[in-house]
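> requesting a structural model of the entry that follows:
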Amino acid sequence: MKTSELRKKAQAGKLVLIRIMSSSEQPNLTIRPQIVPASLTYASLVFAGGFVCGMIRVPILLPLIGVRYAELVEMPIMAFILWRAAGFVVRRYGRKTSSSSGHRMSGSGDTGPNWLLVGFLGVIWMLVVELLLSAAMGGVTGVKKFITERDVIAGPASSHVYRIGPIYISM
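Numbers count the residues shown, from 1 in each chain. Just a heads-up that it's a prediction; the model follows:
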């Protein structure tokens, strides 16, 4: 069949045309290169804030109120640090396209990295750094202590907040 005959049948609803995309029109299915630097930046900022908080928590709060309560007192401060770090990362690595209404949620098409992946990678980077520091400072005993002495309430709660920080800020 000729192209003109195919178009007539397609216009009449009798034929569905399938257009093959050229290589320049095909969607990009690769992971965006901003994800790793964004997650490393996020993890670094949170680690720095946690390091400063730990310098206050361990020598001052820990002997007074114990491990769990010291970590729970630290959580609102760390939540603020997470919020600020996520905001910085979203502003730095996210590129929002302009929308007609100007509202942030109105389909503005965030073209930045996948923020959920940034959050998950940030948690992984943090755990790797903490595990390596535990190994460097305490050897096998430090690693065992890092794994077994994590608080069952404060630990998971803070890591959940950590993961969703970039998503919440990017909305």
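> mind listing what's buried in the longest helix belonging to the chain?
Longest helix in the chain by number of residues (criterion: DSSP state H): helix 115-148. Residues 115, 117-123, 125-126, 134, 143, 146 are the ones in helix 115-148 that count as buried (16 or more other Cβ atoms under 10 Å). Every C-beta, even on glycine, is put in place using the N, C-alpha and C of the backbone.
> helices or strands up against that helix?
Helix 115-148 is packed against helix 35-56, helix 67-93, helix 154-170, with contacts defined by 3 or more Cβ pairs under 8 Å, 6 or more residues apart in numbering; DSSP states H and E.
> buried set for the second one?
What that stands for is helix 67-93. 70-75, 78, 81-82, 85-86, 89-90, 93.
> pipe the helices and strands packed on helix 115-148 into a markdown table and attach mean pLDDT and distance to E130 per row.
Listed next are the helices and strands packed on helix 115-148 as a markdown table, based on pLDDT from 0 to 100; distance: least, Cβ to Cβ, whole Å:
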| stretch | mean pLDDT | distance to E130 |
| --- | --- | --- |
| helix 35-56 | 91 | 8 |
| helix 67-93 | 88 | 14 |
| helix 154-170 | 66 | 11 |
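> in TSV: these, plus distance to G138.
Listed next are those as TSV, based on distance: least, Cβ to Cβ, whole Å:
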stretch	distance to G138
helix 35-56	15
helix 67-93	16
helix 154-170	18
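> the nearest residue to L45 once chain neighbours are set aside: what's it in contact with?
With Cβ to Cβ, 6 or more residues apart in numbering as the criterion, L45 has its nearest non-adjacent residue at 3.8 Å, and that residue is A85. By Cβ atoms under 8 Å, 6 or more residues apart in numbering, the contact set of A85 is 42, 45-46, 49, 165.
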